[in-house]
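Enquirer: give me a 3D structure for the following:
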Amino acid sequence: MEGPKLQSYLKSTQKRFDPISLLLSLTGLAAVVYSIGFKQDVSHYFDVRSILVVICGTFASILFQFDIKTCFLSVGHLFQSFLGTPNRNLVKTIQLLDEAILRDMSFTELRDGNDINGEILNDMIYMHRHGLLVEEIEDFISSKISDGYLARRVTVDLLKKAAVIAPALGLFGTVIGLIGVLKSLSDPTLIGPSMSLALMTTAYGAALGSLVFTPLAGRMEHHNIIYLATYERIMTKAGVLIRREEQDGQTEFEPEVAA
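Expert: Predicted coordinates:
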């Protein structure tokens, strides 16, 4: 995604969040829940065994594949995604770089850059003040951005796996429930609980996969594109200013050639 397409994509994500989309999404989810429980006793849709099979089974499988620290970091990324897009705190930085390029400002005027504090522009200015070349700065920052992007990609992978596991466990519970039904044909009082397990596990698995994990994975993928593209724009614009200063310094101190 480059050029005008990238700029158009990022321009559409300038807002902290889209309240209309959020409202419509929550309204649609509420409509699904209401239609399920319409004139019905909600307790009919609560089955402890089905919850244990699908929900606990899904999280157990995820924890087996990903360590607990990764799971907590993924929860943090998901929480941040509901607060806004990854570029919400970097819009002013991009605007500041654009203004500096147009007004021929010095790169070191944009921040103090006295120490490393984690803010990308400040850290780049700090390294520039300490004599690092633009290529060295770009390599260091690119490595840092790649680490952050990798962590966000792991979150997407975790959610996608969960979206597959939950319906599979629902099917597993259905098979177990049907086996229980067949074994209970001689005693009709035992058929109900077995059928409840068979049907509710499928319902829980489908709901988790379709209404929870898949939408969250899609949202994170969308934000990951914004995350990577935003930092690429910052790196490009900062590189323009740094190279301009390096060229000016070479021109200023270039020795005169004797005639």
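Enquirer: and Ala229, how far is that from Leu90?
Expert: 11 Å (C-beta to C-beta, to the nearest Å). Every C-beta, even on glycine, is put in place using the N, C-alpha and C of the backbone.
Enquirer: now do the phi/psi pair for Pro86.
Expert: phi -60, psi -20 (degrees, to the nearest 10).
Enquirer: revised request: answer the last question for Arg103.
Expert: Comment: the main-chain dihedrals of Arg103 come out as phi -90, psi 10, following degrees, to the nearest 10.
Enquirer: that one: neighbour count?
Expert: Applying other C-beta atoms under 10 Å, we find 7 other residues in the vicinity of Arg103.
Enquirer: give the rounded mean pLDDT of stretch 213-227.
Expert: Per-residue pLDDT over stretch 213-227 has a mean of 92.
Enquirer: may I see the buried residues of it?
Expert: For stretch 213-227, the buried set under the neighbour-count rule, 16 or more other C-beta atoms under 10 Å, comprises Phe213, Thr214, Leu216, Ala217, Arg219, Met220, His222, His223, Asn224, Ile225, Ile226, Tyr227.
Enquirer: ok, stretch 162-180 next?
Expert: When burial is assessed from 16+ other C-beta under 10 Å, stretch 162-180 yields the following buried residues: 162-163, 165-167, 169-170, 172-174, 176-177, 180.
Enquirer: as CSV, these with pLDDT and secondary structure would be great.
Expert: As requested, these are arranged in CSV below (pLDDT from 0 to 100; DSSP: H, G, I helix; E, B strand; the rest coil):
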residue, pLDDT, secondary structure
Ala162, 95, helix
Ala163, 95, helix
Ile165, 95, helix
Ala166, 94, helix
Pro167, 94, helix
Leu169, 92, helix
Gly170, 90, helix
Phe172, 90, helix
Gly173, 87, helix
Thr174, 88, helix
Ile176, 86, helix
Gly177, 84, helix
Gly180, 83, helix
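Enquirer: need the residues you listed in a markdown table with distance to Ser142, can you?
Expert: Written out in a markdown table, the entries for the buried residues of stretch 162-180 read as follows (distance: C-beta to C-beta, whole Å):
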| residue | distance to Ser142 |
| --- | --- |
| Ala162 | 30 |
| Ala163 | 31 |
| Ile165 | 34 |
| Ala166 | 36 |
| Pro167 | 38 |
| Leu169 | 40 |
| Gly170 | 42 |
| Phe172 | 44 |
| Gly173 | 46 |
| Thr174 | 48 |
| Ile176 | 50 |
| Gly177 | 52 |
| Gly180 | 56 |
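Enquirer: which one of those is nearest Phe72?
Expert: Ranking the buried residues of stretch 162-180 by separation from Phe72, with C-beta to C-beta as the measure, puts Ala162 on top at 15.0 Å.
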